[in-house]
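could you look at this predicted model? Sequence included:
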Amino acid sequence: MMTIRTSYAHLLTKPNPKHVDSLLRFFENGRSQRGTGGFGVEIEHLPVHDSDDTAVSYYEPNGIETLLKRIAPYYDSEKEYWENGHLVGLARDGITVSLEPGGQVECSLGILKTPQELLTYYRSFRRDVDPVLADLGFRLVNYGYQPKSGYADVRVNPKDRYDAMTAYLGRVGQFGPCMMRCSASTQVSIDYVDERDSIDKVRLGTVIGPILAWFFRNTPYFEGETNPWPLLRQRMWDYLDFQRTNVIPGLFDDRFGWEDYAIDVLSTPLMFADLTHTPEAEGLTGKQLHHAAFYENAADVYPDRELNPYEINHIISTHFNDVRLKNFIELRHWDSLPIERAERLTEIIGSLFYDAANRDRLESYFDGIREVDVFEAKANIQAHGRDATPYGQPLEFWHAFLGLEGLLADEPGDPRHPDVFQA
């Protein structure tokens, strides 16, 4: 098996073999027998005041907490999520409402059998939330970044984990506070049938993700000004923390597999520890259960035993690679999108990953691709925008090759676009 090297890994405790085995079983248990299976879609919304488009906070009167409490009767009472005496999440069949650090309202939908089901679930979510929003005087917009407010204007939600994240990301890399407090995404998850299938899909998603991100860009503003980067969220993630972002190290080596990914994840500093579901930590306070982990990896934090599912999910969730492997595959590239464009994106993902002929065509085209080629393609788009030639081809080629019919040349991510101020 090849060796995966990550920053600072030589300074840390080696991965615990029991932890490695735990992740391998976690991936194995995620296998789907369907193969052309379902979708999970997450759409994050930015809350802004109707009066001036500035960010709405969790704590203000008629703010995010009030919104959650007002819509709570539409959700299952036994599935409410509370922390430090505050309501921070809701759930019912097919819909989960949660909060990102800066008050971004995330609507998680699925598992969906077809992309079209996305509209059904999402309209159900909006049917409940829109009358309350109108009464409270704010709305939920779909941009990749707050239109008026900057990160310094936004307080984090009342979760101890976000205080620990702030302590870490405020000192490591660039854009951490910006990502936490002001950015918003659309993520699409797909399934896999075995190890080879999962690695192939992660590779393919990593390769084409930046191109799709261009055609689905939707970030006209950054820190109250016109956004200077063709793909702002990609820029933020790539420079957030080199230990846990960008392309998974070693992904394009033919020998790469689940064990390599597990070792990479377990070798990297955790960013922050979460011991809330670790029985051995019983009796610790909230701040002790969550603490920044600059040099501690999983073996330094968790006991010498098999990891439980919560601990596994936390460890993996502290990695922000372009495509993330959990017990499903999470494609993470895209700005927050209006529902019609999110549905179109999901249709395209289904066509590219679940249609055997399409997938064979793509994998054949990208045969022999290297990690450095992906880095070059991403840099090419950032440097040249609409004149970019990722992987040596103009964007017009990729528009046709990836089956993006119906997407315009200028989409709402451009401030000049007539739809840019739509909620």
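Right, received. Where do you want to start?

quick one: residues contacting Glu65.
By C-beta atoms under 8 Å, 6 or more residues apart in numbering, the residues touching Glu65 are Tyr58, Tyr59, His86, Leu87. Glycine gets a C-beta too; all of them are placed from N, C-alpha and C.

roughly how far apart are the residue nearest to the first one when sequence neighbours are not counted and Glu376?
If you skip the residues right next to it in sequence, Tyr58 has Ile64 as its closest partner in space, 4.2 Å away by C-beta to C-beta, 6 or more residues apart in numbering. From Ile64 across to Glu376, the span is 40 Å (C-beta to C-beta, to the nearest Å).

which of those two has more neighbours?
Ile64 (24 against 14; other C-beta atoms under 10 Å).

returning to what we had before: buried among the contacts of Glu65? Make that a PyMOL selection.
Restricted to buried positions by 16 or more other C-beta atoms under 10 Å, the PyMOL selection for these reads:
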select buried, resi 58+86+87
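
taking the contacts of Glu65 together, which two end up most distant?
Among these, the pair separated by the greatest distance (C-beta to C-beta) is Tyr59 and Leu87, at 12.3 Å.

follow-up on the earlier one: for the contacts of Glu65, which one is nearest Gly392?
Nearest member of these to Gly392, counting by C-beta to C-beta, is Tyr58, at 46.4 Å.

secondary structure element for the closest one?
Under DSSP states H and E, no helix or strand contains Tyr58.

how about Arg123?
helix 117-136.

after that helix comes which helix or strand?
Next along the chain after helix 117-136, taking DSSP H and E as the criterion, comes strand 138-141.

Asn297: neighbouring residues, count only.
Neighbours around Asn297, by other C-beta under 10 Å: 25.

from His333, how far off is it?
On the measure of C-beta to C-beta, Asn297 and His333 end up 27 Å apart.

next: Ala342.
13 Å.

list the contacts of the residue nearest to Tyr58.
Counting by C-beta under 8 Å, 6+ apart, Ile64 has contacts Pro47, Val56, Ser57, Tyr58, Leu99, Gly103, Val105, Asn157.

in ChimeraX, select just the buried ones from those residues.
Buried residues among the contacts of Ile64 (16+ other C-beta under 10 Å), as a ChimeraX selection:
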select :47,56,57,58,99,103,105,157
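
I'd like the contacts of Ile64 written out as JSON lines, with secondary structure, distance to Asp191 and pLDDT added.
Below are these laid out as JSON lines (DSSP: H, G, I helix; E, B strand; the rest coil; distance: C-beta to C-beta, whole Å; pLDDT from 0 to 100):
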{"residue": "Pro47", "secondary structure": "strand", "distance to Asp191": "32", "pLDDT": "98"}
{"residue": "Val56", "secondary structure": "coil", "distance to Asp191": "35", "pLDDT": "98"}
{"residue": "Ser57", "secondary structure": "coil", "distance to Asp191": "37", "pLDDT": "96"}
{"residue": "Tyr58", "secondary structure": "coil", "distance to Asp191": "34", "pLDDT": "96"}
{"residue": "Leu99", "secondary structure": "strand", "distance to Asp191": "26", "pLDDT": "96"}
{"residue": "Gly103", "secondary structure": "coil", "distance to Asp191": "31", "pLDDT": "96"}
{"residue": "Val105", "secondary structure": "strand", "distance to Asp191": "26", "pLDDT": "98"}
{"residue": "Asn157", "secondary structure": "coil", "distance to Asp191": "30", "pLDDT": "91"}
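
can you name the residues that contact the nearest residue to Val129 once chain neighbours are set aside?
Distances taken as C-beta to C-beta, 6+ apart place Ile71 nearest to Val129, at 5.6 Å, with adjacent residues excluded. With contact set as C-beta under 8 Å, 6+ apart, Ile71 has these partners: Leu90, Val97, Asp128, Val129, Val132.

for these, pick the one with the most neighbours.
Of the contacts of Ile71, with other C-beta under 10 Å as the count, Val97 tops at 24 neighbours.

what's the lowest-mean-pLDDT helix or strand in the chain in contact with?
Using mean pLDDT, DSSP states H and E, helix 286-289 stands out as the lowest-scoring helix or strand of the chain, at a mean of 83. With C-beta under 8 Å, 6+ apart as the test, helix 286-289 has contacts from Asn84, Asp160, Asp163, Ala273, Asp274, Leu275, Thr276, Ala281.

now do the same for the helix or strand where the fourth one lies: mean pLDDT, whole number.
Ala273 is part of strand 271-274, with elements assigned from DSSP H and E. In this model, strand 271-274 has an average pLDDT of 94.

same thing with stretch 321-339?
Averaging pLDDT along stretch 321-339 gives 95.

in it, what's buried?
Of all the residues in stretch 321-339, those buried under the rule 16+ other C-beta under 10 Å are 321-325, 327-339.
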